[in-house]
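Colleague: please find the sequence and the predicted model below.
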Amino acid sequence: MELSVGIVGIGTYFPPTVETAADLAPRTSIPEHILREKMGIRQRHIAGEAETVTFMASEAAKRAIAMAGIDPAQIGLVISHGSEHKDHLVWNSASKIQHNVGAVNAYAFEMYALCAGAPIALNAARGLMLADPKLEYALLAAGSRENDLINPRNERSRFMLNFGAGGGAMILQRNAERNRILGAAAITDGSLSETVVLTRDAVAEGEPEAVGDLRGRLDVTDPAYMADRLGQTSLPNFVRVIRAAVEQGGHTLADVRFLGITHMKRSFYLEILNAVGLTPEQSVYLEDYGHVQSVDQVLALELGLAQGKIRAGDLVVLAGAGTGYTWSAVALRWG
């Protein structure tokens, strides 16, 4: 029998504090209806001081472990693929997550592809597990509170106003008999590598305020170039990675039944669905959560299952894109 890796547990965590479009409108000078209808922000979750990236990732991981029905000591690998804006600077958050959940026999490390991270982490973990028979279970966990890094008055960074806080996690099993990973793909356009950076520019930072040990806010260095380049490349690259992931598993786009994808403005979300031959009934739009970096994919999977949009036997694709700029996708046979 061909070796395989599948998802046997998923979990999410979201802070109880919610900020609605009505709350956000006066802070941004953007009308509430624009935030809701165009930008797709009905509400987002906001983390409190104690809800660090590793706390949220760990809470989600505990739920994924419970769903998988395993002892944390069975986990051999922990990968944190969440935010670089974490509890401490220059620090391995994966080891804290490993400790929090009791995965005492696992080694732990971080990997970053920003908002494209989940599909890439799934593929990387699959490769490690197939190469090492000792890795029966792996934990992938992510947390994000990237909204801390946005000045709501900075017009250059308005496309990032959808950032929200939360955590997500998945348990993978070697030789799993369900929810198997079939294929994956990614592409990077390095010409966009420095379009979004953390800066202490006065417009980006607004009122200078430290976030833990961190100073500064995210900003767009060349808005015109970024808009033009993404206008040319983003849709074709999303379609390219989704098609490549599906074809690697021996299928075509016509076989896909559900797409779980990064939160973005509503019009572009619908454009991507149309380009790959899907409808909104074959996806979920994360308007009640916003964009939670590489948590979006497990959240979409969880919501798709809860809403009955994913059924046993379905070909499911999880996709994302992150500044840098990288597009990624992974194809799964659910059930």
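Modeller: Yep, it's here.

Colleague: all helices for this protein, in order.
Modeller: Along the chain, the segments classed as helices by DSSP state H run 21-28, 32-33, 53-68, 93-101, 117-131, 202-205, 223-248, 266-275, 296-306.

Colleague: show me the contact partners of the first one.
Modeller: Residues outside helix 21-28 that contact it (CB atoms under 8 Å, 6 or more residues apart in numbering): 30-32, 35-36, 41-44, 152-153, 158, 161. All C-beta atoms are positioned from the backbone trio N, CA, C, and that covers glycine.

Colleague: pull out the buried residues from that helix.
Modeller: Judged by neighbour count (16 or more other CB atoms under 10 Å), helix 21-28 contains these buried residues: 21, 24, 25, 28.

Colleague: any idea of the mean pLDDT for that helix?
Modeller: For helix 21-28, the per-residue pLDDT values average out at 96.

Colleague: what of the second one?
Modeller: This predicted structure assigns helix 32-33 an average pLDDT of 97.

Colleague: go on, stretch 84-97?
Modeller: Stretch 84-97 shows a mean pLDDT of 96 in the predicted model.

Colleague: CA atoms of that stretch as CSV?
Modeller: C-alpha atoms of stretch 84-97 as CSV (Å, rounded to 0.1, in the frame of the first residue of the first chain):
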residue,chain,number,x,y,z
GLU,A,84,6.3,36.3,13.1
HIS,A,85,4.7,38.8,15.5
LYS,A,86,4.7,36.5,18.5
ASP,A,87,5.3,36.5,22.2
HIS,A,88,8.9,37.4,22.0
LEU,A,89,11.3,38.6,19.3
VAL,A,90,13.9,36.3,17.8
TRP,A,91,12.3,33.3,19.5
ASN,A,92,11.1,29.8,18.6
SER,A,93,7.4,29.7,19.4
ALA,A,94,7.1,26.1,18.4
SER,A,95,8.9,24.9,21.5
LYS,A,96,6.5,26.8,23.7
ILE,A,97,3.5,25.2,21.9
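
Colleague: related to what we said a few turns ago, from the buried residues of helix 21-28, which is closest to residue 284?
Modeller: Proximity of the buried residues of helix 21-28 to residue 284, judged by CB to CB, is greatest for residue 21, which lies at 18.5 Å.

Colleague: quick one: the closest one and residue 160, what's the gap?
Modeller: 16 Å (CB to CB, to the nearest Å).

Colleague: repeat for residue 215
Modeller: Counting by CB to CB, the gap between residue 215 and residue 160 amounts to 18 Å.

Colleague: neighbour count: those two, which is higher?
Modeller: When neighbours are counted by other CB atoms under 10 Å, residue 160 comes out ahead of the other of residue 215 and residue 160, with 22 against 13.
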